Every structure is written in structure tokens, then in C-alpha cells.
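J.: Make a model of this:
(chains A and B)
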Amino acid sequence: MTTAVGYSAEVVRRCQRLDRAGSWPEDDPDVGTGLVGSLASGALTRLQVRVDATGARVDDARFKAFGCSAAIACASLAAERAIGGTLDTARALDAAALVAALELPDDKLAMAVQAAAAVTAAVDDWERKHPEQRLAARGQRPGSDDDRNH
Amino acid sequence: MTVSRPVYLDFHATTPVDPRVLQVMLPYFNHVFGNASSRQHRFGWKAEEAVERGRQQVAALIGAKAKEIVFTSGATEANNLAIRGAVAARRSRGNHVVTVATEHHAVLDTCKALEHDGCQVTVLPVERDGLVDPDRFAAALTEQTVLASVMTANNEIGVIQPIALLAQACRARGVWLHTDAVQAVGRVPFDVEALGVDLASITAHKMYGPKGVGALYVRRASKVEVTPLFTGGGQERGIRPGTLNVPGIVGFGAAAEVCGQDLATEGPRVAALRDRLLATLQSGLESVTVNGSRVARLPHNLHVSFAGVDGEALMTGLADDVAASSGSACASGSREPSHVVKALGLGAAEQWGAVRFGLGRTTTEADVDFAAERVVALVQRLRAVSPVEVGRA
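T.: I've put the predicted structure just below:
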């Protein structure tokens, strides 16, 4: 079902309920933060992931977003979909899948791309805080030749 | 008092047909269905009578003579007819048109099209309060200027331009002044003689009449003329050929009469409600700014910016509770604040956070209080999830 403004009921619901909205301290070692977009462009998305103790999975995720209904709905859904997956699956979040799930018009793809990019940036940020985990995930040791050659 | 949700606060976009107007219109859909151009039988005579009555009523509301009213399909057509028609009719004088950056697209895009065809167009900026500087306007008029087009009241920010002053400047230069008066007529006193305009566009559906019918006022005294956009059956003295929309014109006339009767009381009533809405919003929220002049303004218009919140997202979140309008629109994937909001020179947070509330005949105190409460609550929640900090944006 689409509303008069061309948005699905799911977009409207997410703008009303703001599922997964919130934030954690950026210096929390378990948290990675990604910020994509700008006020000038009309859309700014901040995504945070909390990674579990093993460093393998996203335990939880939160968003903050400024922008149109699609920007908010995409950020909300991206946060939701990042939860429970591995870091790689979170990073590989498919913008087209967000568009499909929210029944967004094609010209809103940019909002989904931005939300997915914010998840990727959040995972990257967590990995920057935990270089040993990143290397372990790649089967490398800190300071190995493999690493230097990259 | 119970409130019917969502509360409709978008009376600038359109208005419901007043029940009194609808009653007058109904017989003209079936019982009195004649073509007003059928001069040879009673069906046509009755339709023509109804059209002429409507013409009188519309003319009376704006201080015009009935013969100066040309019925159209709406204001977009009236604006096109006025601008394209006047430019074509005055080709021997020149080809320069002056307009303003905050005009409706029906005016701006028409001017742009004329520019593409070789016309010179000057688009004047507005001051921070949304008003045109009369001196800058007068300075823009040249010997080549054939027409100036300045709206009486803005459809977004509701500011009322100093039309009488602009008309004086036009008269002094022999320039015809067209005004898109769609938002002003029926809401505030509007008299073509007092203002001195040569052409004025109006439409029924903004004043509790039906959609699909409008009119262009064409001053006769100073021999103002417009070249028709269409060719056809010669209706409306050949200025606007096409079978007349009899039920629509009947409704337009009835709506004009009701507006004229209510004008003195309805303006102050909605202005008080509008002020109440603003006071409630500002007491519940910080960083709520009014855009455009607070003085030269339509009584039913409130245009505010909620910094840190996107107006469009706010409208979507309010979908079940309040129907208003945001200043931004998405076009072909790129987001743009409205051209009117941009012309005011606001900061980015205020541009994106702009919302227009338009009150009307059916708006009650309970509506306003309910709407204000819902808006305050959602703005607070959206600000809480916004990465843009209010006050630092």
C-alpha cells in the first residue's frame, strides 16, 4: 500500500516509530560509528554497530538520521538488518534490498545507498579500533609479511 | 470537542467545496445542462444566464466589471494566458518581462519558456522577509518592458506583496501589471481598482469552490488585451475559446459570494487560530522560526522552520494526525528545498525544516491544539534522532 505522498505504509510506520533510533558513545570499544552525507545535501545518516565479544557478529545497531522519510526509513531498516549478521554480511548490506523492502520509488535509491554505506563505515570504524580482530579474521598475524604486503 | 483526524491544515493547496456552493452547483450537472453558447433554445439561455450570474459574482468580489472576467480552467491557464497573451499582444512595444524569484511555477516556468523563445526576463530577488523592494522593482522596468508579473500573496510563505506600489511604478512606465492573486482573493480584501492591476489570475478551488475553473481579470479601461492561447468557438469574447464549464462557473460565483460575505469575520478568526498554533509550537519547542514578514501576511498562513528536522519526514510521520506541507520536494533523485524558501536566504537547517500550515473555514481551536501537540511531539522525537544539533546547524 502506498500513501498519498508515494511512500509505503512501512516507510510511514518507520517514520512514526523510529525503530532502532538512538546512539552510543563513539569511544565505546565495542561500538563502531559511521557518518555519511551532509546537511547541505539534505541527508545525513549516522549508523552505529555494537560487535559481540568474539568480534564476529553485530550484536546490536542504532541510527540517527536527518533527511527525508526515505532517509530515515532506510537508516532504520539498515540498522535492523545489520543485527545478528557477521561483520562481512553487515558490510555487504544491499541497498537495492532496502529499496525493495520499503517499496521506495527508484529515485530514492540514493538514500538506501547512503544507509548501507553508513553501516559499512561503522564496521570499518570498529575494525580500526580492533586491528587484531581484523587480521585474525583474515588469518593473519599482526606485523606479518602478508599484512605489510597489502 | 472531538477532532477528525488527520487535521487538514493545507488550505493553500486546496479547499473543500462549501456545502452552500455545492447545493447551488448540483442542478447544473443534469437538470440545467445546456451549453452556454447555444443561443437558439431555452437550455442554452438558462446556462448562459447562470454563467453571467457567476461572472457578476466573481467580478464583485474583486471590484471588477463582469466584462473584465474571462473564465479559464484554473489559475495555471489564467497565468499562461496573462503572460503569454500580454507579451504577444505587446510585441510592437518590446519583449521584456519582469517577475520575482518566489512566484509560482505557473509564472516562473512560463517566463522561462518565453525566455527560451527570445524574450528578455528579469527575475527579481526578494528581501529576507519575502517582499520585493519597490525601488528595485521600479528600477528594473525599462522602455522595453511590456509586463510585470508579481503575485499578490505567496502560496508558500503567505507574504503579501506591496502590489499597489508596484502598480504605480508600472503605470508610470506604461507597463502592464499581472498578479497571481490565487491565494489572496477571498482571504483578504482584494480590489483591482484600488490596487491598480491590469491582469489578475484567480481560481475557485482555493476559495471553497470547485476545481477546474478559474478566471483572468483583464482591465478594459486602459485597453489591456491578451492574445488568446487557443483557437476555437469564440467563447469569452474569443480570448478563451472552449465550451464553458457551467457547473464550475456557477460554483465559482457562489463561492465568491460566500467569501465576500465572510471576509470581514473569517480573516481575524483564522488569524487568531494561526497565532495560537504558533504560540503553542514555540512554547513546546526551541528553534521554531517564522519565515517571511509577520505583518504583510495572509491571516491563515503559518510558515515555520523546525531546525534540525526535515519537513518532509515530519509530514510523513504525521500522516495519521496532521495534513500540512513541507517546503522541500524530491525531483529526479535530487533533493531541493523549495525555490521560495531558498530565495529567503535561510540557513540549510531552516530550509530543510520548513513547513507550511494553512488554516481555513473549517479549522477549529480543537484542531489547532491537537495539531500543535502532535507536531511538537514528533519534532522532539525527530530531533532526538537527528545527527544535526539544533542551534549549531
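J.: which residues sit in contact with the spatially closest residue to residue B:162 that is not a sequence neighbour?
T.: Closest residue to residue B:162 apart from its sequence neighbours, by Cβ to Cβ, 6 or more residues apart in numbering or on different chains: residue B:134 at 5.7 Å. C-beta here means a position set from N, CA and C on the backbone, and glycine is covered the same way. Residues counted as contacts of residue B:134 (Cβ atoms under 8 Å, 6 or more residues apart in numbering or on different chains) are B:162, B:165, B:166, B:169.
J.: go on, residue A:81?
T.: A:93, A:97, A:98.
J.: if you set the cut-off to 10 Å instead, what comes out?
T.: Residues near residue A:81 by Cβ atoms under 10 Å, 6 or more residues apart in numbering or on different chains: A:20, A:58, A:61, A:89-90, A:93-94, A:97-98, A:101, A:115-116, A:119.
J.: ok, and of the residues you listed, which contact chain B?
T.: By Cβ under 10 Å from any Cβ of the partner chain, the members of the contacts of residue A:81 lying near chain B are residue A:20.
J.: Inside helices: which ones of the contacts of residue A:81?
T.: A:89, A:90, A:97, A:98, A:101, A:115, A:116, A:119 (DSSP state H).
J.: Kindly indicate which of these lies nearest residue B:349.
T.: residue A:115 (20.9 Å; Cβ to Cβ).
J.: Quick check: that closest one touching residue A:64?
T.: No: assessed by Cβ atoms under 10 Å, residue A:115 is found out of contact with residue A:64, at 11.6 Å.
J.: any shared contact partners between the two?
T.: Joint contacts of residue A:115 and residue A:64 (Cβ under 10 Å, 6+ apart) are A:45, A:47, A:72, A:75, A:79.
J.: out of the residues you listed, who's near chain B?
T.: Residues of the shared contacts of residue A:115 and residue A:64 in contact with chain B (Cβ under 10 Å from any Cβ): A:45, A:72, A:75.
J.: which one of those residues has the most neighbours?
T.: Among those, residue A:75 has the most neighbours (other Cβ atoms under 10 Å in any protein chain shown), with 38 neighbours.
J.: Can you say which of the contacts of residue A:81 are buried?
T.: A:20, A:58, A:61, A:90, A:93, A:98, A:101, A:115, A:116, A:119 (16 or more other Cβ atoms under 10 Å in any protein chain shown).
J.: got CSV for the contacts of residue A:81, with pLDDT too?
T.: CSV is the format used below for the contacts of residue A:81 (pLDDT from 0 to 100):
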residue, pLDDT
A:20, 96
A:58, 97
A:61, 98
A:89, 95
A:90, 96
A:93, 96
A:94, 95
A:97, 95
A:98, 96
A:101, 96
A:115, 97
A:116, 97
A:119, 97
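J.: ok, back up a step: and which of the ones next to chain B among the shared contacts of residue A:115 and residue A:64 is nearest chain B?
T.: residue A:72 (5.3 Å; Cβ to the nearest Cβ).
J.: The closest one in helix, strand or coil?
T.: In three-state terms, and counting by DSSP: H, G, I helix; E, B strand; the rest coil, residue A:72 is helix.
J.: residues touching it, list them.
T.: Here residue A:72 is in contact with A:11, A:14-15, A:18, A:21, A:43, A:45, A:63-66, A:111, A:115, B:310, B:312-313, B:316-317, B:382, B:385-386 (criterion: Cβ under 10 Å, 6+ apart).
J.: Show me where the stretch 201-350 of chain B has its strands.
T.: Listed in chain order, the strands of the stretch 201-350 of chain B (DSSP state E, counting those that start in this stretch) span B:214-218, B:288-290, B:301-306, B:322-323, B:325-326, B:328-331, B:334-337.
J.: Which of these sits closest to residue B:152?
T.: Closest among the strands of the stretch 201-350 of chain B, using Cβ to Cβ: strand B:214-218, at 11.7 Å.
J.: Mind giving me the packing neighbours of that closest one?
T.: Judged by 3 or more Cβ pairs under 10 Å, 6 or more residues apart in numbering or on different chains; DSSP states H and E, strand B:214-218 is in contact with helix B:42-61, strand B:69-72, helix B:75-89, strand B:176-180, strand B:199-203, helix B:246-284.
J.: so who does the most centrally placed residue in chain A touch?
T.: What sits nearest the mean C-alpha location of chain A, by Cα atoms, centre = their mean, is residue A:119, with 2.2 Å. If you count contacts by Cβ under 10 Å, 6+ apart, residue A:119 has them with A:32, A:34, A:36, A:45, A:47-49, A:58, A:61, A:63, A:75, A:78-79, A:81-82, A:85, A:90-93.
J.: Restricted to helices, list these.
T.: Using DSSP H, the contacts of residue A:119 in helices are A:75, A:78, A:79, A:81, A:82, A:90, A:91.
J.: Out of those residues, which two sit at the greatest distance?
T.: Greatest spatial distance among the ones in helices among the contacts of residue A:119 (Cβ to Cβ): A:75 and A:91, at 16.2 Å.
J.: Kindly format the C-alpha coordinates of stretch B:128-138 as CSV.
T.: What follows is stretch B:128-138, C-alpha atoms only, in CSV (Å, rounded to 0.1, in the frame of the first residue of the first chain):
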residue,chain,number,x,y,z
ARG,B,128,14.7,38.4,3.8
ASP,B,129,11.1,39.0,4.7
GLY,B,130,10.0,37.6,1.3
LEU,B,131,8.9,41.0,0.0
VAL,B,132,10.0,42.7,-3.2
ASP,B,133,11.8,46.0,-2.8
PRO,B,134,9.6,48.5,-4.7
ASP,B,135,12.6,50.7,-5.6
ARG,B,136,14.5,47.7,-7.1
PHE,B,137,11.3,46.7,-8.9
ALA,B,138,10.8,50.2,-10.4
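J.: which one is the residue in the stretch 151-300 of chain B positioned nearest to chain A nearest to, not counting chain neighbours?
T.: Nearest residue of the stretch 151-300 of chain B to chain A: residue B:287, at 13.8 Å (Cβ to the nearest Cβ). With Cβ to Cβ, 6+ apart as the criterion, residue B:287 has its nearest non-adjacent residue at 4.2 Å, and that residue is residue B:307.
J.: That neighbour: what's it in contact with?
T.: Here residue B:307 is in contact with B:285-289, B:346-353, B:379, B:383, B:386, B:388-393 (Cβ under 10 Å, 6+ apart).
J.: Identify those among these that sit within helices.
T.: The helices in this structure, assigned by DSSP H, contain B:348, B:349, B:350, B:351, B:352, B:379, B:383 from those.
J.: of those residues, closest to residue B:111?
T.: Looking across these and measuring by Cβ to Cβ, the closest to residue B:111 is residue B:351, at 23.4 Å.
J.: so how far is chain A from that closest one?
T.: 9 Å (Cβ to the nearest Cβ, to the nearest Å).
J.: Does residue B:24 touch residue B:249 like I think?
T.: No: here residue B:24 lies out of contact with residue B:249, judged by Cβ under 10 Å, at a distance of 11.0 Å.
J.: which SS state does the nearest residue to residue B:273 once chain neighbours are set aside fall under?
T.: Leaving aside its chain neighbours, residue B:273 sits nearest to residue B:368 (5.0 Å; criterion: Cβ to Cβ, 6+ apart). With three-state DSSP as the basis, residue B:368 sits in helix.
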